[in-house]
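Student: here is the input, now give the coordinates:
(one chain, ligands or ions: 2)
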Amino acid sequence: MVELEPRAFSAPGKALLIGGYLVLNPQYKAFVLALSARMHAVVKASSRSDISGVYLNVKSSQFNNNQWNYKVSRDNGYVPLEINDLTNPFVEQVVFNAFNYFAPENLKFNYIEIEIFSDPAYHSSEGSKRKVNQFKSFNFHEKDIDEVNKTGLGSSAGLVTVLTTALCYVLMNGNSLDISNPNHLKMIHNLAQVAHCQAQGKIGSGFDVAAATYGSIIYQRFEPAIIADLPVMDIKDINKYHVALKTLIDNLDWNITCEPVKLPPRLKVIMGDVHSGSKTVKLVSTVQKWYAENLPRSHEIYEEINFNNTVAVNTLIKLYHISEERPDYYNKMIDGLNNDKNDDPDIKVLAESIEMIRELFRTITQESGAAIEPLEQTELLNACLGLRGVIGGVVPGAGGHDAISLVMTEETNIKKITAGNPSFKNVTWMDVTQEQVGLKEENAEYYKDLESDEDR
Ligand SMILES: Nc1ncnc2c1ncn2[C@@H]1O[C@H](COP(=O)(O)OP(=O)(O)OP(=O)(O)O)[C@@H](O)[C@H]1O
Ligand SMILES: C[C@@](O)(CCOP(=O)(O)O)CC(=O)O
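Tutor: Numbering: from 1, shown residues only. Ligands and ions are numbered 1, 2, ... in the order given. Next comes the predicted model:
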């Protein structure tokens, strides 16, 4: 039996700080922050002569020992067959697309095992037990993955990205996958976008998969048609899907923007969970209906949001440059913010543009009935703006009752300054911050021997 060297990969969660809804249109740019919460995949594979075809086990032991066992064969168009009839659309679409992309005739490593881990911040910790080792710390739940409440950080995008990476490693028959190679990263990104869209049954903007792959970025989407135009799998002619997918992944210019960005130094983003969550699909369809029925005014509102989005993003970039070119001036400005002096003109422009974006989304909320910024969130965000060191805040992404995002100085201790204050009684400050890096190679050894917190 030949064994493939185990490898591990992780990909970050996200917050769409600026550009919700507009990012669905390829003409508008968005600012996506990658977060420190990550999804992980540890993969091993071996060649086994005692089984026919390919066998794949995907294990997510954190969620009531959930696991999915697939048989994959070329004769079946690489449509994965789960031997216990269990479903996980995200896993299935990754397997389907990765295998069809490589279309292996005879796979050397035909027994594949992938273990998934999610960092604690993706899900509500209620009823979970923490297991740790020297390197990692994960929550273990007694419920299945679909029954545990999510916080909205994009677990499926992270999952699809790390699973795609793990399978590319195996399907490339060994050591040649290198995630620091831009071509490999592009292959992973494109495959993950296709799988994520197919699993969701819709074509969203893809900002979450882009951030999982490339980290914090300015993002502009691809034209949805490029994925919608893929043929359906025809078992009688499986080469058709393979050729179309190969062309889409390798040869087509997706015309997307994924430009790395950093928050200016000494600023951070903090997320506040309000324990509720939103139905993104419903919000998006309500807003799209409102948009279509209210032209040309709705377009004018979008243009005005875009103007403020651009101001906010450009000001963040400008602040970064100031910090490099005039560090003394910059440090004084941040010190000023810590002492409640918000009089720097650039900070003012940033704060005002974020306020304008919120106001325009409140107009859409009122007119469409889609609760992008519901009253409770308005009150919470306004209370946050009164805190020393906080520059601005939004309900990121599609809005609603998802966790809020606040931009504040590094020195601001939000837990401390809000403790006991009734305005903040419904919010839990999450242990996540922004991160630069997207897909990352991890040490496969670091996931072993996780033990219950109490036993240590
Ligand atoms: N640890 C995991 N193990 C296995 N499957 C997972 C895991 N985490 C997420 N998934 C899959 O992703 C699905 C959740 O994806 P969904 O897109 O609904 O949420 P999300 O990406 O966290 O949310 P949002 O896009 O709103 O931030 C689960 O139902 C499951 O199929
Ligand atoms: C409304 C939208 O722009 C953002 C959805 O963001 P989230 O999944 O709520 O973080 C839709 C999209 O970009 O796919």
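
Student: got the contact list for residue 192?
Tutor: Going by Cβ atoms under 8 Å, 6 or more residues apart in numbering, residue 192 touches 94, 157, 160-161, 164, 209, 212-213. No exception for glycine: its C-beta is placed from N, CA and C like everyone else's.

Student: how near is it to ligand 2?
Tutor: Remark: distance between residue 192 and ligand 2 (Cβ to the nearest ligand atom, to the nearest Å) = 14 Å.

Student: what's around residue 47, how many residues?
Tutor: Around residue 47 sit 14 other residues, with neighbours defined as other Cβ atoms under 10 Å.

Student: and if you look at residue 250?
Tutor: 12.

Student: point me to the residue of the stretch 351-456 of the chain nearest ligand 2.
Tutor: residue 397 (2.5 Å; Cβ to the nearest ligand atom).

Student: neighbours of the residue nearest to that residue when sequence neighbours are not counted, just the number please.
Tutor: Nearest non-adjacent residue to residue 397, counting by Cβ to Cβ, 6 or more residues apart in numbering: residue 16, 4.4 Å away. Neighbouring residues of residue 16 were enumerated by other Cβ under 10 Å; the total is 24.

Student: between the contacts of residue 192, which sits nearest ligand 2?
Tutor: residue 157 (8.6 Å).

Student: pretty sure that closest one sits against residue 204.
Tutor: No: if you go by Cβ atoms under 8 Å, residue 157 and residue 204 don't touch, sitting 9.5 Å apart.

Student: okay, those two: which has more neighbours?
Tutor: Using other Cβ under 10 Å, the more surrounded residue of residue 157 and residue 204 is residue 157, with 28 against 20.

Student: and that one, backbone torsions?
Tutor: Per-residue torsions, residue 157: phi -70, psi -40 (degrees, to the nearest 10).

Student: do you know how far the nearest residue to it once chain neighbours are set aside is from residue 121?
Tutor: Using Cβ to Cβ, 6+ apart and skipping residues adjacent in sequence, the residue nearest residue 157 is residue 208, 3.6 Å away. Residue 208 sits at a distance of 15 Å from residue 121 (criterion: Cβ to Cβ, to the nearest Å).

Student: tell me which element residue 94 falls in.
Tutor: Element membership for residue 94, per DSSP states H and E: helix 89-102.

Student: and residue 57, which of the three is it?
Tutor: The three-state assignment at residue 57 reads strand, by DSSP: H, G, I helix; E, B strand; the rest coil.

Student: setting the sequence-adjacent residues aside, check what's closest to it.
Tutor: What sits nearest to residue 57 in space, not counting adjacent residues and going by Cβ to Cβ, 6+ apart, is residue 113, at 4.8 Å.

Student: which residues touch the residue of the stretch 351-456 of the chain closest to ligand 2?
Tutor: Residues in contact with residue 397 (Cβ under 8 Å, 6+ apart) are 15-16, 20, 152, 280.

Student: assign a three-state SS to residue 408, would you?
Tutor: strand.

Student: tell me the SS of residue 263?
Tutor: Residue 263 is classified as coil under three-state DSSP.

Student: which pLDDT value goes with the closest residue to it other than its chain neighbours?
Tutor: In space, and not counting its chain neighbours, residue 263 is closest to residue 434: 5.6 Å by Cβ to Cβ, 6+ apart. Residue 434 carries a pLDDT value of 95.

Student: so what's residue 434 bridging to?
Tutor: Bridge pairing for residue 434 (DSSP bridges) gives the partners residue 35.

Student: can you tell me how far it is from residue 164?
Tutor: With distances taken as Cβ to Cβ, residue 434 is found 24 Å from residue 164.

Student: what of residue 34?
Tutor: 17 Å.

Student: again with residue 343
Tutor: According to Cβ to Cβ, residue 343 stands 48 Å off from residue 164.

Student: which one of the two has more residues nearby?
Tutor: Neighbour count, other Cβ under 10 Å: between residue 343 and residue 164, residue 164 has more, with 33 against 9.

Student: return the residues in contact with that one.
Tutor: 94, 97-98, 188, 191-192, 195.

Student: coming back round to it: so which helix or strand takes in the residue of the stretch 351-456 of the chain closest to ligand 2?
Tutor: Assigned by DSSP H and E, residue 397 belongs to neither a helix nor a strand.

Student: below-threshold pLDDT in the stretch 151-300 of the chain: ranges please.
Tutor: Scanning the stretch 151-300 of the chain for pLDDT under 70 picks out the ranges 174-175, 277.

Student: alongside ligand 1, which residues does it contribute?
Tutor: 152-157, 159, 208, 280 (Cβ under 6 Å from any ligand atom).

Student: the same query, at a cut-off of 8 Å, please.
Tutor: Neighbours of ligand 1 within the stretch 151-300 of the chain, by Cβ under 8 Å from any ligand atom: 151-159, 199-200, 208, 277-278, 280.

Student: most neighbours of all these, which one?
Tutor: Taking other Cβ under 10 Å as the neighbour criterion, residue 158 ranks highest of those with 34 neighbours.

Student: how about that residue: what's its closest non-neighbour residue?
Tutor: Of all residues not flanking residue 158 in the chain, residue 39 sits nearest, at 3.2 Å (Cβ to Cβ, 6+ apart).

Student: again with residue 215
Tutor: residue 438 (3.6 Å).

Student: how many residues are close by the one you found?
Tutor: As a burial measure, residue 438 scores 28 neighbours (other Cβ under 10 Å).

Student: can you give me the strands for the stretch 1-150 of the chain?
Tutor: For the stretch 1-150 of the chain, the strands defined by DSSP state E, counting those that start in this stretch cover 3-18, 30-46, 54-60, 66-72, 81-82, 111-118, 129-132, 137-140.

Student: now render these as TSV, adding distance to residue 427.
Tutor: Conversion of the strands of the stretch 1-150 of the chain to TSV gives the following (distance: least, Cβ to Cβ, whole Å):
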stretch	distance to residue 427
strand 3-18	15
strand 30-46	17
strand 54-60	29
strand 66-72	30
strand 81-82	39
strand 111-118	22
strand 129-132	22
strand 137-140	20
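
Student: neighbours of residue 109, just the number please.
Tutor: Residue 109, neighbours per other Cβ under 10 Å, totals 21.

Student: on that earlier part again, near ligand 2, list only the ones from the residues of the stretch 151-300 of the chain next to ligand 1.
Tutor: 152, 154, 208, 278, 280.

Student: what two of these have the greatest distance between them?
Tutor: 208 and 278 (14.7 Å; Cβ to Cβ).

Student: could I get the contacting residues of the closest residue to residue 232 other than its chain neighbours?
Tutor: Leaving aside its chain neighbours, residue 232 sits nearest to residue 241 (7.7 Å; criterion: Cβ to Cβ, 6+ apart). Neighbouring residues of residue 241 by Cβ under 8 Å, 6+ apart: 77, 100, 230-234.

Student: can you tell me the helix or strand for residue 241?
Tutor: helix 238-246.

Student: quick check: next helix or strand after that helix?
Tutor: Next helix or strand after helix 238-246 toward the C-terminus (DSSP H and E): strand 257-260.

Student: next secondary structure element downstream of that next one?
Tutor: strand 267-273.
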